[in-house]
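Peer 1: Give me a 3D structure for the following:
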Amino acid sequence: MAEVAIKMVKRSGVDLEKLLELLIKNASAELTTYYYYTILRANLIGLEGEGIKEIAEAARIEDRNHFEALMPRIYELGGALPNCMKEFHDLSACPPANLPKNPENAKEILKVLVDAERCAVEGYTEICDMTAGKDHRTYDLALAILNEEIEHESWFSEFLGEGPSGHFLRRGDTSPFVGKFLK
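Peer 2: Predicted structure coming up:
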């Protein structure tokens, strides 16, 4: 753990225990979403589903990257991930992104995907609000993830006909905001 980082976060007035709780819950959401998106993506078939599959895959890979970027910060701040995967799953900041009742309905899968992204946007906004101007490293990380989660939400909401967002699928460049934390 980074002794000075912990001291500086506490000195800035951030509730370290609450921050660690949020980081762990969001890390759980990212890893479990990676798992659930694997299942959702596999069920995106047929004419409607195939057009969405590439976008679901990009969001799936980026969610795994988000988990990988969060984990070191959790340990730097003196936290730890649970040893039990079931316990970790159940800590998730967001509900499971389960297959809808009709897994052949691409629109229903899209609703699951967009709801998961909206939950993530709320979670990272809370972390940004808590750390803005206080814990620069965590803020930078949460903001990077937030930018990618907003893009994911935009991609899926456009397919649901909620209006244009101005966001485009990235070609060959996953995690453009979070990538600097993965090196």
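Peer 1: Show me where this protein has its helices.
Peer 2: According to DSSP state H, the chain carries its helices in the segments 3-11, 16-42, 46-76, 85-90, 106-131, 136-159.
Peer 1: May I see these arranged in JSON lines, with mean neighbour count and mean pLDDT as well?
Peer 2: Every residue, glycine included, has its C-beta placed from N, CA and C. Converted to JSON lines, the helices of the chain look like this (neighbours: other Cβ atoms under 10 Å; pLDDT from 0 to 100):
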{"stretch": "helix 3-11", "mean neighbour count": "13", "mean pLDDT": "93"}
{"stretch": "helix 16-42", "mean neighbour count": "20", "mean pLDDT": "98"}
{"stretch": "helix 46-76", "mean neighbour count": "19", "mean pLDDT": "94"}
{"stretch": "helix 85-90", "mean neighbour count": "13", "mean pLDDT": "97"}
{"stretch": "helix 106-131", "mean neighbour count": "20", "mean pLDDT": "97"}
{"stretch": "helix 136-159", "mean neighbour count": "21", "mean pLDDT": "96"}
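Peer 1: Distance to residue 167 for the ones you listed - can I get that in TSV?
Peer 2: Shown next, in TSV, are the helices of the chain (distance: least, Cβ to Cβ, whole Å):
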stretch	distance to residue 167
helix 3-11	32
helix 16-42	18
helix 46-76	10
helix 85-90	29
helix 106-131	12
helix 136-159	4
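Peer 1: Identify whichever of these lies nearest to residue 179.
Peer 2: The minimum distance between residue 179 and the helices of the chain falls on helix 46-76, with 7.6 Å, by Cβ to Cβ.
Peer 1: show me what contacts residue 137?
Peer 2: Counting by Cβ atoms under 8 Å, 6 or more residues apart in numbering, residue 137 touches 5, 73, 76.
Peer 1: so which of the residues you listed comes closest to residue 156?
Peer 2: So of those, ranked by how close each gets to residue 156 (Cβ to Cβ), first place is residue 73, at 26.8 Å.
Peer 1: that older thread, which member of the contacts of residue 137 is positioned nearest residue 65?
Peer 2: residue 73 (13.6 Å).
Peer 1: Check whether that closest one really touches residue 23, as I assumed.
Peer 2: Yes: Residue 73 is within contact range of residue 23, at 6.4 Å (criterion: Cβ atoms under 8 Å).
Peer 1: Give me the common contacts of the two.
Peer 2: Counting by Cβ under 8 Å, 6+ apart, the contacts common to residue 73 and residue 23 are residue 138.
Peer 1: For residue 173, find the nearest of the helices of the chain.
Peer 2: That would be helix 46-76 among these, by Cβ to Cβ, at 9.6 Å.
Peer 1: Which strands and helices lie in contact with the closest one?
Peer 2: helix 16-42, helix 106-131, helix 136-159 (3 or more Cβ pairs under 8 Å, 6 or more residues apart in numbering; DSSP states H and E).
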